[in-house]
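Novice: predicted coordinates and the sequence they were generated for:
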Amino acid sequence: MKNKDAITGVILAGGLARRMGHQDKGLILFQGQPLVSYAITAMRPVVTELLINANRNIEAYQQFGWPVISDQTDSFDGPLAGILTAMLHSQADTLLVMPCDAPLMQAGHLQRLVDCRRAQNADVAVAVEGGRWHPVFLAVNTALKTDLQAYLASGQRKVETWLAQYATVTVDFGAQPELFSNVNTMAELEGLERVR
């Protein structure tokens with residue numbers, strides 16, 4: 001039985017980071033702290049359970065003191081694979097998702113996603129900014145896990161295409177576009193260091 005009040009949070013750190021020379025993004029230092037530590041700080045006040053989705057350097061991620069879960073396959077199938085793994089581990093009604101490389105995101109912003117999904121009784125609440133979806137910042141009903149398994153099994157990977165099937169509410173962060181400053185290259189990391 002799913003707990004209607006519980007929220008599982010998952011930090012997505014399972015990618016290959018090709019544009020960063022395959023470095024593990026969550027473990028890269030930003031202002032002296034690993035990027036994943038900022039996501040943990042943002043998530044902790046909002047969730048009742050916190051998971052880190054990682055497919056490499058498992059022991060390093062375990063040092064942060066939270067359960068580390070890996071994708072169901074070893075083929076690095078993208079964010080949805082990490083989301084599915086978290087859904088399969090969760091006993092909560094809501095899964096809150098964010099990537100490991102968005103150090104400006106804070107708890108209050110994530111709480112808005114949870115609150116908007118519940119207020120609208122939607123399947124999904126997704127962050128938008130300037131008309132653009134940021135589909136790895138979302139609160140999603142964990143009951144969709146069977147559908148997600150089928151979607152991934154069919155060979156599809158695109159997050160927006162999967163979300164488009166459901167009752168989705170968008171949460172506008174247009175006044176704070178910097179929240180979605182993430183780190184895909186070393187140049188972006190250096191630029192973010194200068195901003196903050």
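Specialist: Looks like it came in fine. These figures come from a predicted structure and were not determined experimentally. Numbers count the residues shown, from 1 in each chain.

Novice: these two touch, right, I7 and Q91?
Specialist: No: taking C-beta atoms under 8 Å as the definition, I7 is not a contact partner of Q91, at 10.9 Å. Using the backbone N, CA and C atoms, a C-beta is placed for each residue, glycine as well.

Novice: and those two? which has more neighbours close in?
Specialist: I7 (23 against 12; other C-beta atoms under 10 Å).

Novice: residues contacting that one?
Specialist: Shown in contact with I7 (C-beta atoms under 8 Å, 6 or more residues apart in numbering): V46, V47, T48, E49, A92, D93, T94, L95, L96, V114, A139.

Novice: buried ones in the helix or strand hosting it?
Specialist: Here I7, judged by DSSP states H and E, is contained in strand 3-13. Within strand 3-13, the residues scored as buried using 16 or more other C-beta atoms under 10 Å are I7, T8, G9, V10, I11, L12, A13.

Novice: now render the residues you listed as JSON lines, adding distance to E59.
Specialist: Output for those, formatted as JSON lines (distance: C-beta to C-beta, whole Å):
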{"residue": "I7", "distance to E59": "27"}
{"residue": "T8", "distance to E59": "23"}
{"residue": "G9", "distance to E59": "21"}
{"residue": "V10", "distance to E59": "19"}
{"residue": "I11", "distance to E59": "17"}
{"residue": "L12", "distance to E59": "19"}
{"residue": "A13", "distance to E59": "13"}
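
Novice: could I get those residues as CSV with pLDDT?
Specialist: Shown next, in CSV, are the buried residues of strand 3-13 (pLDDT from 0 to 100):
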residue, pLDDT
I7, 97
T8, 98
G9, 98
V10, 98
I11, 97
L12, 96
A13, 92
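
Novice: please identify which pair of those residues lies farthest apart.
Specialist: I7 and A13 (19.0 Å; C-beta to C-beta).

Novice: among the contacts of I7, name the buried ones.
Specialist: The neighbour count (16+ other C-beta under 10 Å) marks V46, V47, E49, A92, D93, T94, L95, L96, V114, A139 as buried among the contacts of I7.

Novice: for this structure, which segments are assigned as helices?
Specialist: Taking DSSP state H, the helices of the chain run over residues 35-43, 58-62, 79-89, 107-120, 145-153, 159-163, 186-195.

Novice: V126 is nearest to which of these?
Specialist: That would be helix 159-163 among those, by C-beta to C-beta, at 6.3 Å.

Novice: which residues touch the closest one?
Specialist: Contacts for helix 159-163 (C-beta under 8 Å, 6+ apart): G78, P79, L80, V124, V126, W133, P135, V136, L138, L148, Y151, Q156.

Novice: buried residues, that helix. List them.
Specialist: So, applying 16+ other C-beta under 10 Å, buried residues of helix 159-163: V159, W162, L163.

Novice: state the distance from the second one to K145.
Specialist: It refers to W162. Going from W162 to K145 by C-beta to C-beta, to the nearest Å gives 12 Å.

Novice: ok, G82 next?
Specialist: 13 Å.

Novice: kindly report the same for L96.
Specialist: On the measure of C-beta to C-beta, L96 and K145 end up 15 Å apart.
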